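Chemist: no sequence for this one, just the structure:
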């Protein structure tokens, strides 16, 4: 991710992103947790590692792609490995910790030269965590058999936005500045103006390039809104975006109405359960 590569390659030219998936950084806190786990490898299990990965979409996508490449899994088996826990179990605790050693941190890359992009990247990651937690909670209420895939899809839903801050911080901040200066401008139009494409375009192509499991691709795509699993992810992502502005965001009542309808519950019950929920294990 050198500055030379960044200057010569537009963000929407996806080939170099595909090649560099295993060079993506992780959160500094993630790296610290992995170091601690490595020091206590004899007592660490797959569930412990799953909790770490579930808080960092960058590590999550690295792990999903790494597990396929290193194991040489066939299509049928790989389609089953679409959750964090199953990927770690297939890799094994010790191989997992060895595979993700000496990682670069997001903070190291951006803190000095792009502190504003770092702040926005951290906000987006926090929002992604919340989306994953809400998606998990909705799927749990619906007793959906693909609850873990739904949770992971919500965690990765805004991956392209995170990568934009990491790989092209100047372009990322230019998009934000354009939106701030033009309150009525749609995000997709600003993205097309600055990037030459939309982040949704990037997201879907990355999923294909990195050969993510088909179920994850369908859930992240978000276009099949008649599919309850896709709707689950979409509602969680939208709600998390609005909630990032606080419970007084004007879009929250509409979100809650849609979620209540989706979950077949009343508004009072929904609001109480959403405000007191505990983040789930992934």
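Modeler: Arrived safely. Note that this is a predicted model, so its numbers are computed, not measured.

Chemist: ok, and for stretch 178-196, which residues are buried?
Modeler: 178-179, 190-191, 194-195 (16 or more other CB atoms under 10 Å). The C-beta positions use only the backbone N, C-alpha and C, and glycine is treated the same way.

Chemist: I'd like these laid out as CSV, including pLDDT.
Modeler: Formatted as CSV, the buried residues of stretch 178-196 follow (pLDDT from 0 to 100):
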residue, pLDDT
178, 94
179, 91
190, 93
191, 92
194, 90
195, 88
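
Chemist: The most centrally placed residue in the chain and residue 210: what is the separation?
Modeler: Among the residues of the chain, the one closest to the centroid is residue 156, at 2.4 Å (CA atoms, centre = their mean). Remark: distance between residue 156 and residue 210 (CB to CB, to the nearest Å) = 10 Å.

Chemist: For the stretch 151-282 of the chain, give me the ranges with low pLDDT.
Modeler: Residue ranges of the stretch 151-282 of the chain with pLDDT under 70: 222, 275-282.

Chemist: ok, back up a step: shared neighbours, residue 156 and residue 210?
Modeler: residue 61 (CB atoms under 8 Å, 6 or more residues apart in numbering).

Chemist: re earlier: could you report the separation of the residue nearest to the centre of the chain from residue 203?
Modeler: 9 Å.

Chemist: Need the residues touching each of these two.
Modeler: residue 220.

Chemist: quick revisit: how about JSON lines for the buried residues of stretch 178-196, with secondary structure and distance to residue 50 added?
Modeler: Formatted as JSON lines, the buried residues of stretch 178-196 follow (DSSP: H, G, I helix; E, B strand; the rest coil; distance: CB to CB, whole Å):
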{"residue": "178", "secondary structure": "helix", "distance to residue 50": "38"}
{"residue": "179", "secondary structure": "helix", "distance to residue 50": "35"}
{"residue": "190", "secondary structure": "helix", "distance to residue 50": "36"}
{"residue": "191", "secondary structure": "helix", "distance to residue 50": "33"}
{"residue": "194", "secondary structure": "helix", "distance to residue 50": "36"}
{"residue": "195", "secondary structure": "helix", "distance to residue 50": "33"}
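
Chemist: Among these, which pair sits farthest apart?
Modeler: The largest separation in those, counting by CB to CB, is between 179 and 195 at 12.9 Å.

Chemist: what's the distance between residue 146 and residue 57?
Modeler: The spacing between residue 146 and residue 57, counted by CB to CB, is 19 Å.

Chemist: more neighbours, these two?
Modeler: residue 57 (27 against 16; other CB atoms under 10 Å).

Chemist: which helix in this protein runs the most residues?
Modeler: Longest helix in the chain, counting residues (DSSP state H): helix 115-142.

Chemist: List of residues touching whichever helix or strand comes after that helix?
Modeler: Using DSSP states H and E, the helix or strand that follows helix 115-142 towards the C-terminus is helix 147-156. Residues outside helix 147-156 that contact it (CB under 8 Å, 6+ apart): 54, 57, 60-61, 64, 82-86, 128-129, 131-136, 138-140, 144, 213, 215-216, 219-220, 229, 232-233, 236-237, 240, 280, 282.

Chemist: Return the members of the residues you listed classed as buried.
Modeler: 54, 57, 60-61, 64, 82-86, 128-129, 131-136, 138-139, 144, 213, 215-216, 219-220, 229, 232-233, 236-237, 240, 280, 282.
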